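Undergrad: no sequence for this one, just the structure:
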């Protein structure tokens, strides 16, 4: 198969107008609005960077009542003396409202049957998570910039999401193992220790450790809790990046983990009891939005906290990756919280790591200038020993040539292909979608079943059936070497990377029809309107995609009895 046969679908679309020079942004002073420094920015791909850093102190937003829209905002200026770009401020929101927020809805109430577009449903779930803060305000002022403390005074806000009782039920009914699923930890005298025995984590052993003052961490609650799975599944669709979760259970008056920073954006949901959190600003620019988590830090390494707060049930704490944190329960009660995390290694830098090596390969292959020999005497003017030399014509000429070739490489960057590789990773990382009842009725999950000794409820697509992708974010069309593949997450496990990436190949002639399904989502398309030459091809492709769980119909298919 020749890639050229696919009109609008090729891995290497070397359009010079799409060339991107760098992921450099201007960081501006909030006070004067002037550019103070230009620095590479490691920020998340799906959300646009807002270049003005809001360098405020503590911001408290207190809503007087659900009916009053007037907000009182008090700002106290605190100028950070650290070298770090991020200010040492945070935002605190103090809010009271009806149980569950979002017009009284709790997580289990925000189901998938109320909106036809899964992208809109995922946005609703995020709005519920940060309510009453507006989505636009969150991404403009807080995301990847500063922590947010949200005091809801509503202990039922996360009701039915997870609890100690449900944790006990999981330990008794499911097979969990220490280290793989459960960690037992302590933090005393500035030292973190893990006390995991070998083998299965029986309920009695876990509760005995808890009684002796150990903290318990459940590493993958989404595997065992449908509520947590549903939450993470919807949020990953919103962020365009894998969303995971850990559950932390800590006895009263104890701490399970040393101060440290993580490589993820963290949302802490307090479910039971109380916990005092201390947050510290990144110590150096290199620790802002880091790509890897830190080692355990000592008390002497973290400095003074920028935020100290006690979380109670219903509260939310958000902090960006790179923010050092530690938490300890109060003396009177245990604590149960869940940390929802996202955007791990999903940065411009990660995209460029995939894009630049291929750009260089293409440049060397296509442009003879990259294949010309280096100057005979270049070793006499470049290298570490010569790096301080000035006014050397041969060195200046060499550096000028390097810059010229670098500018050429940019024009070869396969931006779309690199994005597809990032998408493949996202699809493999992802939890499988939680399908609504309507999605099941209108997809392959309905269909034939066995009753009274025979198969009934046979269903079949017809040319007039209206179809669309079951979930747009769960599918990716990718060109690889000489094949067109469809990757999807519908058959993924709830255990991270338990299965290899799930994909199937389609013919190059089918690619435009699949593209049409992407472009029309969330609208429906008649099978007979798919852009393929004849009806037989249209029916074969639609039936294949339906059988693989990729398509749904607008209405449930009619059934018939083919037992005769």
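TA: Perfect, thanks for sending it. As the structure is a computational prediction, the values presented were derived from the model and not from experiment.
Undergrad: mind showing which ranges of the stretch 151-300 of the chain have poor pLDDT?
TA: For the stretch 151-300 of the chain, no stretch has pLDDT under 70.
Undergrad: residue boundaries of the helices in the stretch 101-250 of the chain?
TA: Here the stretch 101-250 of the chain has its helices, by DSSP state H, counting those that start in this stretch, at 118-130, 135-137, 164-173, 203-211, 226-239.
Undergrad: swap that for the chain, sorry
TA: 118-130, 135-137, 164-173, 203-211, 226-239, 348-366, 393-410, 415-429, 437-441, 511-520, 535-547 (DSSP state H).
Undergrad: Looking at these, which one is packed in the most?
TA: Most buried of the helices of the chain by mean neighbour count (mean count of other CB atoms under 10 Å) is helix 226-239; its value is a mean of 22. Where you see a C-beta, it was placed from the backbone N, CA and C, and this is true even at glycine.
Undergrad: gap between that helix and the chain center?
TA: Distance, stretch centre to chain centre, for helix 226-239: 10 Å (CA atoms, centre = their mean, to the nearest Å).
Undergrad: and the angle for that helix with helix 415-429?
TA: 180 degrees (axes from the mean of the first three to the mean of the last three CA atoms, to 10 degrees).
Undergrad: for helix 226-239, packing partners?
TA: Judged by 3 or more CB pairs under 8 Å, 6 or more residues apart in numbering; DSSP states H and E, helix 226-239 is in contact with helix 118-130, strand 243-250, strand 335-342.
Undergrad: of all the helices of the chain, which lies closest to residue 488?
TA: Counting by CB to CB, residue 488 lies closest to helix 415-429 out of the helices of the chain; the figure is 6.5 Å.
Undergrad: Which strands or helices does that closest one pack on?
TA: helix 348-366, strand 475-480, strand 483-488.
Undergrad: can these go into JSON lines with extra columns for mean pLDDT and distance to residue 269?
TA: Formatted as JSON lines, those follow (pLDDT from 0 to 100; distance: least, CB to CB, whole Å):
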{"stretch": "helix 348-366", "mean pLDDT": "98", "distance to residue 269": "27"}
{"stretch": "strand 475-480", "mean pLDDT": "96", "distance to residue 269": "30"}
{"stretch": "strand 483-488", "mean pLDDT": "96", "distance to residue 269": "29"}
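Undergrad: Indicate which one of the helices and strands packed on helix 226-239 is closest to residue 485.
TA: Of the helices and strands packed on helix 226-239, nearest to residue 485 by CB to CB is helix 118-130, at 22.4 Å.
Undergrad: what is the rounded mean pLDDT of the closest one?
TA: Throughout helix 118-130, pLDDT has a mean value of 97.
Undergrad: thought residue 484 was touching residue 504?
TA: No. Using CB atoms under 8 Å, residue 484 is not in contact with residue 504, being 10.0 Å away.
Undergrad: more neighbours, the two?
TA: Per other CB atoms under 10 Å, whichever of residue 484 and residue 504 has more neighbours is residue 484, with 21 against 12.
Undergrad: Contact partners for that one?
TA: By CB atoms under 8 Å, 6 or more residues apart in numbering, the contact set of residue 484 is 6, 9, 477-478, 505-508, 510-511.
Undergrad: quick one: which of these has the most company?
TA: When those are compared by neighbour count (other CB under 10 Å), residue 510 ends up highest, at 23 neighbours.
Undergrad: is it true that that residue touches residue 532?
TA: Yes. The criterion here is CB under 8 Å, and residue 510 meets it with residue 532 at 7.1 Å.
Undergrad: hey, what's in contact with both of these two?
TA: The contact sets of residue 510 and residue 532 overlap at residue 541 (CB under 8 Å, 6+ apart).
Undergrad: rewinding a little: please dump the helices of the stretch 101-250 of the chain into CSV; it should also carry distance to residue 404 for every row.
TA: Listed next are the helices of the stretch 101-250 of the chain as CSV, based on distance: least, CB to CB, whole Å:
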stretch, distance to residue 404
helix 118-130, 43
helix 135-137, 42
helix 164-173, 61
helix 203-211, 63
helix 226-239, 39
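Undergrad: For residue 519, find the nearest of these.
TA: Between residue 519 and the helices of the stretch 101-250 of the chain, the shortest separation by CB to CB is 14.1 Å, and it involves helix 118-130.
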